[in-house]
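Colleague: Here is a sequence with its predicted model. Questions after.
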Amino acid sequence: MRSLLFVLSLICFCSQTTLSWKKEEFRSCDQTPFCKRARSRTPGACSLIVGDVSITDGDLVAKLLLNQEDGDQIKPLVLSLTVYKDGIVRLRVDEDHTLNPPKKRFRVPDVVVSEFEEKKIWLQKLATETISGDTSPSSVVYVSDGYEAVVRHDPFEVYVREKSGDRRRVVSLNSHGLFDFEQLGKKTEGDNWEEKFRTHTDSRPFGPQSISFDVSFYDSSFVYGIPEHATSFALKPTKGPGVEESEPYRLFNLDVFEYDHESPFGLYGSIPFMVSHGKSGKTCGFFWLNAAEMQIDVLANGWDAESGISLPSSQSRIDTLWMSEAGIVDTFFFVGPEPKDVVKQYASVTGTSAMPQLFATGYHQCRWNYKDEEDVAQVDSKFDEHDIPYDVLWLDIEHTDGKRYFTWDSVLFPHPEEMQKKLAAKGRKMVTIVDPHIKRDDSYFLHKEATHMGHYVKDSSGKDFDGWCWPGSSSYIDMLSPEIREWWGGRFSYKNYAGSTPSLYIWNDMNEPSVFNGPEVTMPRDALHVGGVEHREVHNAYGYYFHMATSDGLVMRGEGKDRPFVLSRAIFPGTQRYGAIWTGDNTAEWEHLRVSIPMILTLGLTGITFSGADIGGFFGNPEPELLVRWYQVGAYYPFFRGHAHHDTKRREPWLFGERNTELMRDAIHTRYMLLPYFYTLFREANVTGVPVVRPLWMEFPQDEATFSNDEAFMVGDGLLVQGVYTKGTTHASVYLPGKESWFDLRNGKTYVGGKTHKMDAPEESIPAFQKAGTIIPRKDRFRRSSSQMDNDPYTLVVALNSSQEAAGELYIDDGKSFEFRRGAYIHRRFVFSNGVLTSTNLAPPQARLSSQCLIDRIILLGHSSGPKSALVEPLNQKAEIEMGPLRMGGLVASSGTKVLTIRKPGVRVDQDWTVKIL
């Protein structure tokens, strides 16, 4: 009877969640005590001052003390300020462990990369300076040649400023006196620290422990970042004059079905990293390393009109309020000053993106669920029948034996290895789903082992936590423990994961973690992890550790030779080191197509470059026009996957009539044609942290018209893409930034920069342009999958600027192993100048990869003369030149300007050469 009641309850829950997001199931700020308290404070409420300042072990260390005039009593806090190379300042504030607090507050491990500490600048001395209006001196320390950090003693404030000129501020903390640090308590008789929400009670054994403070960004026009939210790229004010609905941006990883667009409500991931950009073209950033729930207000101009606090009036400013339930202050100031400097500085702390295998950058076909091996084989063959390339076929939870992960349904998938090998014969892969909830079944080998070894998260009483998810009664692996993560990684060996092969990769869903019967559909905050860490302290990082353990497990499986591919839904700083993410359970609506762009731009800006949205929307049935437009935009997502809910109609690209099949095929072909360019950009992200897909202002930082544009985006520095987000639209207004020209990707037509153009947007394509001055590598022969393109020749598209010059790069490795780390790669730079195209080597001398691939075609856009031939050196031979319509893969432009094409120059992609226009 109990099991029947559970099944009925689960069915009821699932049926509700597939209808719509139920706002009342989640807490608002007013229902979240720490948020409500922090928001109620007035500017100047902080009465802490700085004392006992010294330089210790290369850091500025001090005590935060209560101003003697204040009657409240708190124990001193410990402050440390550390400076790192490249313009990074780290500020930490914690309770003083020598004063025996009830327990140590949680410090998030395994996010900051180990090599970051090598960049520490060991401070030798500090200067003092009396700030205008202060009665006591402040401490000043060196940051870099152009910047210094100021720790103001009374009142307490920390800021970074420029050294020269009028010493303009960059970013500051506690300038408005909103800093508050609730210290851990020991419960005594009469203390009532419990919090209730709906039917759930949080015991809060250590009482209120929240932290809040204000952060100000100077010379700022807009702030961006702090994903994950379905809202505009430029963050809108959430509190202050003119703000009607006053709800902060929430950072609390949750399983949210059919989420609303244009909402500050938190989704599946949390990255507390904010970036500011302004009219000066300068950029700065602020990052708080904290895994507890966070709420962040962007404060509207005039919010502090009555505060009486004086800040530099010569600088525009955006103020923000940061609030967290627990943890410590562990914050990073990034001085920039260029947009790419800030993302590089952040990447030096949390790591750059993992270099994906080449197959992962192609098209992925997914559905909940492909029902059996016959269905898999039929879908695979239909792609070939319709001449549509793809690289990966995915299986959702129904492929398992009763939702027991690492198993196969013996009736529906009796021969999993053979099924995978058939796909692998065409160069294709398979992905299966593995979630963190483990079915509580005494006959299930994984549950028995996890129980016996004590590997589950505990409830507040110390018993294995028992919650509901897809399998029914489930427990959750405690991924905070490195030892348990290593054990989990071992589950992916071919021996332990029966039926798996080297061409099988993994999808981590529901890892927020999702608990159907938990408070806000997640784990109770007073659940316990290893070492007595409360779940409230680690919640936002749980999915990150699960992703890490799975990725490391695939590396172990391949004995360190095979790059892993793991898709995660939950995200946290550092996620980029372990794989891809997607934007979750979106809906087949035009607005969800539109909001996918600011979501992906935000993720890229905050380190997560390998991201995408479900093509067509996970919920609902997209009309053919919406689906086509989604494929056309999605072909430029870093992660390109079609996916759908099991209640939707089948929507493979060949099911909507011949014309729509053709349009979707063309969109997917566009992606495959551009794979060399995308792969080169993924390598740039892997080395520098600069994202694959970028906001326009990252490439044009002084162009104010780009600052709030989140319907167009850059792919690298060479392509600008404008989506079509409205039903029945055949035209689009496109702003093309900069002073140089742009070339239509489809027909080569030239458009001037620095103005808005009304473009045709026929059903065949969306507006996309190549920037003058760039060179983009392509592969124009269409194959079944990316691996079958390995030996195909390249096309170089040279878009000349007003000086008749252009430059670009191409990166090649074996597309699968870690040998590139040992120099097994090709990295070429192409430069066109003075009528000569030159290929030179950018790889170090020890680089040792060769390629027989040739350059098959060189297309010159914007060439000013009509030459007849070209001289190729060192071959000392002439190459044929033709004038004609632009070719884009197998497509030939039906209209547009004629372009110059050098056919079959016969040069190898891995060698030095020149091609001179005669």
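Modeller: That came through fine.
Colleague: Which parts of this structure are helices?
Modeller: Assigned by DSSP state H, the chain shows helices spanning 2-17, 33-40, 339-350, 373-385, 416-424, 445-453, 482-490, 535-538, 542-557, 590-605, 624-634, 658-673, 675-688, 696-699.
Colleague: Turn those helices into TSV, columns for mean pLDDT and mean neighbour count.
Modeller: Where you see a C-beta, it was placed from the backbone N, CA and C, and this is true even at glycine. Converted to TSV, the helices of the chain look like this (pLDDT from 0 to 100; neighbours: other Cβ atoms under 10 Å):
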stretch	mean pLDDT	mean neighbour count
helix 2-17	39	12
helix 33-40	96	18
helix 339-350	98	23
helix 373-385	98	16
helix 416-424	98	18
helix 445-453	98	15
helix 482-490	98	17
helix 535-538	98	25
helix 542-557	98	25
helix 590-605	98	25
helix 624-634	98	24
helix 658-673	98	20
helix 675-688	98	22
helix 696-699	98	23
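Colleague: between those, which gets nearest to V89?
Modeller: helix 339-350 (10.3 Å; Cβ to Cβ).
Colleague: Now do the contacts for the residue nearest the centre of the chain.
Modeller: When the chain is reduced to its mean C-alpha position, the closest residue under Cα atoms, centre = their mean turns out to be I608, at 2.2 Å. Residues in contact with I608 (Cβ atoms under 8 Å, 6 or more residues apart in numbering) are P227, G269, I271, S353, I571, T575, Q576, I581.
Colleague: at 6 Å instead, please
Modeller: I571, T575, Q576, I581 (Cβ atoms under 6 Å, 6 or more residues apart in numbering).
Colleague: what do you get for Y735?
Modeller: A705, T756 are the contacts of Y735 under Cβ under 6 Å, 6+ apart.
Colleague: And the pLDDT for it?
Modeller: pLDDT for Y735: 98.
Colleague: Likewise for the one 5 residues further on?
Modeller: Listed pLDDT for E740 reads 97.
Colleague: Quick check: bridge partners of M888?
Modeller: Residues in a beta bridge with M888, per DSSP bridges, are L891.
Colleague: ok, the closest residue to F832 other than its chain neighbours - contacts?
Modeller: Excluding its sequence neighbours, the residue lying closest to F832 (Cβ to Cβ, 6 or more residues apart in numbering) is A806, at 4.5 Å. Residues counted as contacts of A806 (Cβ under 6 Å, 6+ apart) are G773, T774, I775, V798, A799, L800, F832.
Colleague: Distance to Y84 added to the helices of the chain, as CSV?
Modeller: Formatted as CSV, the helices of the chain follow (distance: least, Cβ to Cβ, whole Å):
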stretch, distance to Y84
helix 2-17, 44
helix 33-40, 29
helix 339-350, 8
helix 373-385, 49
helix 416-424, 45
helix 445-453, 39
helix 482-490, 25
helix 535-538, 25
helix 542-557, 23
helix 590-605, 21
helix 624-634, 38
helix 658-673, 38
helix 675-688, 17
helix 696-699, 23
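Colleague: residue contacts, the closest residue in space to A570 that isn't next to it in sequence?
Modeller: Distances taken as Cβ to Cβ, 6+ apart place G543 nearest to A570, at 2.4 Å, with adjacent residues excluded. Residues near G543 by Cβ under 6 Å, 6+ apart: N511, E512, A570.
Colleague: coming back round to it: and which of the contacts of I608 is nearest to D86?
Modeller: Q576 (18.4 Å).
Colleague: Tell me how many other residues crowd the residue nearest to A347 when sequence neighbours are not counted.
Modeller: With Cβ to Cβ, 6+ apart as the criterion, A347 has its nearest non-adjacent residue at 2.6 Å, and that residue is G689. Counted with other Cβ atoms under 10 Å, residues neighbouring G689 total 24.
Colleague: so how far is K344 from G689?
Modeller: Using Cβ to Cβ, to the nearest Å, one gets 5 Å for the distance from G689 to K344.
Colleague: can you check V690 too?
Modeller: Counting by Cβ to Cβ, the gap from V690 to K344 is 7 Å.
Colleague: In contact with H592: list those residues for me.
Modeller: Neighbouring residues of H592 by Cβ under 6 Å, 6+ apart: N586, G617.
Colleague: all strands for the stretch 251-400 of the chain, in order.
Modeller: Applying DSSP state E, counting those that start in this stretch to the stretch 251-400 of the chain gives strands spanning 273-277, 283-288, 294-299, 317-324, 329-334, 363-365, 392-395.
Colleague: Now do the fourth one and strand 294-299, the angle between them.
Modeller: Yep, that's strand 317-324 we're talking about. Put simply, strand 317-324 runs at 160 degrees to strand 294-299, going by axes from the mean of the first three to the mean of the last three Cα atoms, to 10 degrees.
Colleague: can I get the CA coordinates of strand 317-324 in PDB?
Modeller: Backbone C-alpha positions of strand 317-324 (Å, rounded to 0.1, in the frame of the first residue of the first chain) are rendered in PDB as follows:
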ATOM      1  CA  ARG A 317      28.400  53.900 -10.800                       C
ATOM      2  CA  ILE A 318      26.300  50.800 -10.400                       C
ATOM      3  CA  ASP A 319      25.700  49.600  -6.800                       C
ATOM      4  CA  THR A 320      24.800  46.000  -6.000                       C
ATOM      5  CA  LEU A 321      23.900  44.100  -2.800                       C
ATOM      6  CA  TRP A 322      25.200  40.600  -2.300                       C
ATOM      7  CA  MET A 323      23.600  38.300   0.300                       C
ATOM      8  CA  SER A 324      24.400  34.700   1.200                       C
END
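Colleague: chain center to that strand, what's the gap?
Modeller: Strand 317-324 has its C-alpha centroid displaced from the chain centroid by 22 Å (Cα atoms, centre = their mean, to the nearest Å).
Colleague: so what secondary structure elements neighbour it?
Modeller: strand 211-218, strand 294-299 (3 or more Cβ pairs under 6 Å, 6 or more residues apart in numbering; DSSP states H and E).
Colleague: nearest to S280, of the ones you listed?
Modeller: Among these, strand 211-218 comes nearest to S280, with 9.8 Å by Cβ to Cβ.
Colleague: for that closest one, packing partners?
Modeller: Secondary-structure packing of strand 211-218 (3+ Cβ pairs under 6 Å, 6+ apart): strand 169-173, strand 317-324.
Colleague: contact partners of the last one?
Modeller: Applying Cβ under 6 Å, 6+ apart, the set of residues contacting strand 317-324 from outside is 35, 38, 211-218, 220, 223, 290, 292, 294-299.
Colleague: which residues touch the nearest residue to T706 once chain neighbours are set aside?
Modeller: For T706, ignoring the flanking residues on the chain, the nearest one in space by Cβ to Cβ, 6+ apart is L696 at 3.7 Å. The contact partners of L696, by Cβ under 6 Å, 6+ apart, come to T706, N709, M714, P737.
Colleague: Measure how buried the first one is and give me the count.
Modeller: The local packing of T706 (other Cβ under 10 Å) involves 21 other residues.
Colleague: Show the contacting residues for it.
Modeller: L696, W697, F700, P737.
Colleague: Mind picking out the helix or strand in the protein with the poorest mean pLDDT?
Modeller: Least confident helix or strand of the chain, by mean pLDDT, DSSP states H and E, is helix 2-17 with a mean of 39.
Colleague: wait, which of the helices of the chain is closest to T199?
Modeller: Distance to T199, taken as Cβ to Cβ, is lowest for helix 2-17 among these, at 12.8 Å.
Colleague: what sits against the nearest residue to P416 once chain neighbours are set aside?
Modeller: Using Cβ to Cβ, 6+ apart and skipping residues adjacent in sequence, the residue nearest P416 is G499, 3.7 Å away. Applying Cβ under 6 Å, 6+ apart, we find G499 in contact with W408, P416, E417.
Colleague: Just send these back as a markdown table, with distance to P624 too.
Modeller: A markdown table is the format used below for the contacts of G499 (distance: Cβ to Cβ, whole Å):
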| residue | distance to P624 |
| --- | --- |
| W408 | 35 |
| P416 | 34 |
| E417 | 37 |
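Colleague: nearest to I433, of the residues you listed?
Modeller: Out of these, the member with the shortest distance to I433 (by Cβ to Cβ) is W408, at 12.1 Å.
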